[in-house]
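K.L.:
with the input below, show me the fold.
(chains A and B)
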Protein chains: 2
Amino acid sequence: MKKHNFGAGPGILPQSVIAEAAQAVQDFNHSGLSILEISHRSKDVIAVMDEAEDLVKQLLQIGDDYGVMFLTGGASTQFFMSAMNLLNEDETASFTDTGEWASKAIEEAHNFGKLHIASSSKASGYDHIPTELDIAPNSKYLHITTNNTIYGSQYHFLPKVDCPIVADMSSDIFSRQINGNDYGMIYAGAQKNMGAAGVTLVVVKKSLLGTVKRTLPTMLDYRVHIAKKSSHNTPPVYPIYVSLLTLRWILSEGGLLGMEKRNRAKAELLYNELDRNPLFVPKVKKGSQSWMNATFLTADKAHEPLFTAYCKANGIVGIEGYRTVGGFRASMYNALGLESVQLLVDLMQNFKP
Amino acid sequence: MKKHNFGAGPGILPQSVIAEAAQAVQDFNHSGLSILEISHRSKDVIAVMDEAEDLVKQLLQIGDDYGVMFLTGGASTQFFMSAMNLLNEDETASFTDTGEWASKAIEEAHNFGKLHIASSSKASGYDHIPTELDIAPNSKYLHITTNNTIYGSQYHFLPKVDCPIVADMSSDIFSRQINGNDYGMIYAGAQKNMGAAGVTLVVVKKSLLGTVKRTLPTMLDYRVHIAKKSSHNTPPVYPIYVSLLTLRWILSEGGLLGMEKRNRAKAELLYNELDRNPLFVPKVKKGSQSWMNATFLTADKAHEPLFTAYCKANGIVGIEGYRTVGGFRASMYNALGLESVQLLVDLMQNFKP
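P.N.:
Below you'll find the model as predicted:
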């Protein structure tokens, strides 16, 4: 039976990417060697790094005033590393608190400067993205989490602010049209929309760097990684290669416009059913519903295990809600096909508890 | 033509590991999904993490008084992270300076406490491992680099000191018999002897933690990673899986005793030829020569490109010396077979410049 992977991450990858990724483990570029056992200083790996950087710039429409890095440690490392590189102790950054990862970003930045909460939806259980923002005067930057994987909310607008925006796009990077130039910094773990676990994309406007007074360990200094093209030390070669294959696939499918059409169609299909079907209730308010992670409940709590079993019996994988919040979460990342969402909707329509 | 991979790292992997690693990309554990696209919270991935940790403990003969972590950022990140977690600003750590990576470890630790150089072979071009040590009184620990990849020297003795030893074993981990209990901390990038690039093994005696006064970012705190079994955030699943496969292979080949026999045989074969053959000169003094990376020169500098071409024509890959030091470097990590070293020795014997 075909598996329909609605997992929240590490998430589904395109079949063509998986096939090429497996081939490279056996024999990379007809070299007679696996990509797992060749030098990061070899011509072929340098070409992988260069092309991955170029495709990121192309998709985000950014130029050489931005640095593109493939780092490790996940978004969780960027929570502190962004503040460490951008914020002095006597300076202020504003943050929006729209979910668990957003609030962790706030916690980790705390040691590096003054923080100001510009908006929060915590009081209502993170069921929406606040549109009103109260930015601190002279904010060095505004940090936002564009998609909240756990709660299933997403920014569908760009905050209008005077300071640079630092955005954690871990769960919606390259899923819709954006202009990279609207951001001072973007970071994202690769394992949802642009590859496998083990690499984190970091894009930063170079002019924002070099303004902090603290001493940075070499491996925590964005300027080092930009100058060394992410190869100051041995980079995570294979995860970067899987990202390259995924970026090529995104381009072959029409780039960000193609992804937006694809993801909009899937989201409309599912949210329309959630609106229509009295057996299910969406968790997030209209206007803030995520295209990536649709969270919902059964109207009758007693139906939850029944629908879970029904999904499982039909090849649907990973649709359980986050462990602390429960219910259902249908993650519909780039690589998930419309036919998988159609199957889920069919199951919702045929569900007879 | 079969390729003989003498590359310094990312280095050669066993063929059986490569075959299994490729299979898991296509279909992991008959799940119908690739290992690249499944949750790190799934039963199957948790089993990978647990088994990898268990095998490390088994190979090092350590118990629960040690924490075992699979982190990212390479040994370069451990250069500062070890000091950050172990050393207060008013405390002293001793270091031996036996090569480029050893001296980078010193540089990066500098911001976190007082450092003392216990020995150095810098003046003689890092051509040996000093046996005399001048440890600072009350050293919190002694940091050593057990194998110096670039210069081709290796510790063949355990320093006798009263303080804990912190060892960077990036290029000789699991290559010979050691007792993990002799060390306060061991760290190693996986990409030479125990897997692919993208994961770093860190083993630390738990009693050494919690003594520093500084505030640690969550992702830089060993205690967090130990408590969360390396899954505080999404770990680099695939690189860890490749390490697990490699650890299983090490055990199937007789564990550390098996690796020691295998690596000793390869090293003796090559170093005997270097002693015997007047066309070649070893770079490192007897007693300090590395089993992992044998560095040598042609006696006549003009022969260097000729021998390079001769090797290449016979399927030998990656034997060039490090870019800043030149000459030759034959890296003979665990997975390299004796037949590859025999071929190299045959070429040295048949070389008619």
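K.L.:
CA atoms for contacts and neighbours, from now on please.
P.N.:
OK.
K.L.:
count of neighbours near A:Arg41?
P.N.:
Residues near A:Arg41, counting by other Cα atoms under 10 Å in any protein chain shown, number 14.
K.L.:
equivalent analysis for the one 10 residues further on, please.
P.N.:
When neighbours are defined as other Cα under 10 Å, A:Glu51 has 16 of them.
K.L.:
mind checking pLDDT for it?
P.N.:
A:Glu51 is assigned 98 on the pLDDT scale.
K.L.:
next SSE downstream of the helix or strand containing it?
P.N.:
Element membership for A:Glu51 (DSSP states H and E) is helix A:43-60. Using DSSP H and E, the helix or strand that directly follows helix A:43-60 along the chain is strand A:66-71.
K.L.:
contacts for that next one?
P.N.:
With Cα atoms under 8 Å, 6 or more residues apart in numbering or on different chains as the test, strand A:66-71 has contacts from A:53, A:56-57, A:199-206, A:225-226, A:229-230, A:235-236, A:240, B:73.
K.L.:
list the contacts of the residue in the stretch 201-350 of chain A positioned nearest to chain B.
P.N.:
For the stretch 201-350 of chain A, the residue closest to chain B is A:Pro236, as judged by Cα to the nearest Cα, at 4.0 Å. By Cα under 8 Å, 6+ apart, the contact list for A:Pro236 reads A:Leu71, A:Thr72, A:Gly198, A:Val199, B:Ala197, B:Gly198, B:Val199.
K.L.:
try A:Met348
P.N.:
So A:Met348 contacts A:Glu273, A:Asn277 (Cα under 8 Å, 6+ apart).
K.L.:
how about low-confidence regions in the stretch 201-350 of chain A?
P.N.:
Scanning the stretch 201-350 of chain A for pLDDT under 70 picks out nothing.
K.L.:
how many neighbours does A:Glu89 have?
P.N.:
16.
K.L.:
could you look up the SS state of the closest residue to A:Pro353 other than its chain neighbours?
P.N.:
Computed as Cα to Cα, 6 or more residues apart in numbering or on different chains, the closest residue to A:Pro353 that is not its neighbour in sequence is A:His303, at 6.4 Å. Secondary structure, DSSP: H, G, I helix; E, B strand; the rest coil: A:His303 is helix.
K.L.:
wait, A:His303 touches A:Phe351, no?
P.N.:
No - using Cα atoms under 8 Å, A:His303 is not in contact with A:Phe351, being 9.8 Å away.
K.L.:
how far out from the middle of the chain is the longest helix belonging to chain A?
P.N.:
When chain A is parsed with DSSP state H, its longest helix is helix A:255-276. Helix A:255-276 has its C-alpha centroid displaced from the chain centroid by 17 Å (Cα atoms, centre = their mean, to the nearest Å).
K.L.:
check stretch A:155-172 too.
P.N.:
That offset, for stretch A:155-172, works out to 12 Å (Cα atoms, centre = their mean).
K.L.:
close to chain B: what parts of the stretch 201-350 of chain A are there?
P.N.:
Residues of the stretch 201-350 of chain A lying close to chain B by Cα under 8 Å from any Cα of the partner chain are A:Pro217, A:Thr218, A:Met219, A:Asn233, A:Thr234, A:Pro235, A:Pro236, A:Val237, A:Tyr238, A:Pro239.
K.L.:
what's near enough to touch the first one?
P.N.:
Okay, so that is A:Pro217. Under the criterion of Cα under 8 Å, 6+ apart, the contact list for A:Pro217 reads B:Phe80, B:Glu108.
K.L.:
B:Met84 versus that one, what's the distance?
P.N.:
A:Pro217 sits 10 Å away from B:Met84, going by Cα to Cα, to the nearest Å.
K.L.:
circling back: tell me which two in the residues of the stretch 201-350 of chain A next to chain B are the farthest apart.
P.N.:
Across those, no pair lies farther apart than A:Pro217 and A:Tyr238, at 25.3 Å, counting by Cα to Cα.
K.L.:
neighbouring contacts of stretch A:98-105?
P.N.:
For stretch A:98-105, contacts defined as Cα under 8 Å, 6+ apart pick out A:76, A:79-80, A:96-97, A:119-122, A:126, A:128-130, A:144-145, A:148, A:150-151.
K.L.:
of those, just the buried ones, ChimeraX syntax please.
P.N.:
Selection of buried members from the contacts of stretch A:98-105 for ChimeraX, criterion 16 or more other Cα atoms under 10 Å in any protein chain shown:
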select /A:76,79,80,96,97,119,120,126,128,129,130,144,145,148,150,151
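K.L.:
ok, A:Thr211 - contacts?
P.N.:
The contact partners of A:Thr211, by Cα under 8 Å, 6+ apart, come to A:Leu86, A:Leu87, A:Asn88.
K.L.:
ranking these by neighbours, who comes first?
P.N.:
Most surrounded of the contacts of A:Thr211: other Cα under 10 Å gives A:Leu87, at 26 neighbours.
K.L.:
surely that residue and A:Arg214 touch.
P.N.:
No - the criterion here is Cα under 8 Å, and A:Leu87 misses it with A:Arg214 at 9.5 Å.
K.L.:
just the contacts of stretch A:98-105: which are in helices?
P.N.:
Under the assignment DSSP H, those contribute A:Ser76, A:Phe79, A:Phe80 to helices.
K.L.:
and the second one, how far is that from A:Val341?
P.N.:
A:Phe79 sits 33 Å away from A:Val341, taking Cα to Cα as the criterion.
K.L.:
what does the first one give?
P.N.:
Shown here: A:Ser76 relative to A:Val341, a distance of 30 Å by Cα to Cα.
K.L.:
related to what we said a few turns ago, what's the closest of the residues of the stretch 201-350 of chain A next to chain B to A:Ser139?
P.N.:
Nearest to A:Ser139 among those: A:Pro217, at 25.2 Å, using Cα to Cα.
K.L.:
distance of that closest one from A:Asp90?
P.N.:
21 Å.
K.L.:
what does A:Asp162 give?
P.N.:
A:Asp162 is 19 Å from A:Asp90, by Cα to Cα.
K.L.:
quick one: which of these two has more around it?
P.N.:
Taking other Cα under 10 Å, A:Asp162 and A:Asp90 do not tie; A:Asp162 has more neighbours (13 against 8).
K.L.:
so the more buried one: helix, strand or coil?
P.N.:
The three-state label for A:Asp162, taken from three-state DSSP, comes out as coil.
K.L.:
from A:Gly184, how far off is it?
P.N.:
Relative to A:Gly184, A:Asp162 is positioned 11 Å away (Cα to Cα).
K.L.:
hang on, A:Leu133 is in a strand, isn't it?
P.N.:
No - going by three-state DSSP, the assignment for A:Leu133 is coil, not a strand.
K.L.:
and the gap between it and chain B?
P.N.:
In this structure, A:Leu133 and chain B are 28 Å apart, going by Cα to the nearest Cα, to the nearest Å.
K.L.:
ends of stretch A:90-108, how far apart?
P.N.:
Between the opening and closing residues of stretch A:90-108 lies a distance of 16 Å (Cα to Cα).
K.L.:
swap that for stretch A:90-100, sorry
P.N.:
Taking Cα to Cα, stretch A:90-100 runs 26 Å from one end to the other.
K.L.:
buried residues, that stretch. List them.
P.N.:
Buried residues in stretch A:90-100, counting neighbours by 16+ other Cα under 10 Å, are found at A:Glu91, A:Thr92, A:Ala93, A:Ser94, A:Phe95, A:Thr96, A:Asp97, A:Thr98, A:Gly99, A:Glu100.
K.L.:
redo the residues you listed as JSON lines? Include pLDDT.
P.N.:
Formatted as JSON lines, these follow (pLDDT from 0 to 100):
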{"residue": "A:Glu91", "pLDDT": "98"}
{"residue": "A:Thr92", "pLDDT": "98"}
{"residue": "A:Ala93", "pLDDT": "98"}
{"residue": "A:Ser94", "pLDDT": "98"}
{"residue": "A:Phe95", "pLDDT": "98"}
{"residue": "A:Thr96", "pLDDT": "98"}
{"residue": "A:Asp97", "pLDDT": "98"}
{"residue": "A:Thr98", "pLDDT": "98"}
{"residue": "A:Gly99", "pLDDT": "97"}
{"residue": "A:Glu100", "pLDDT": "96"}
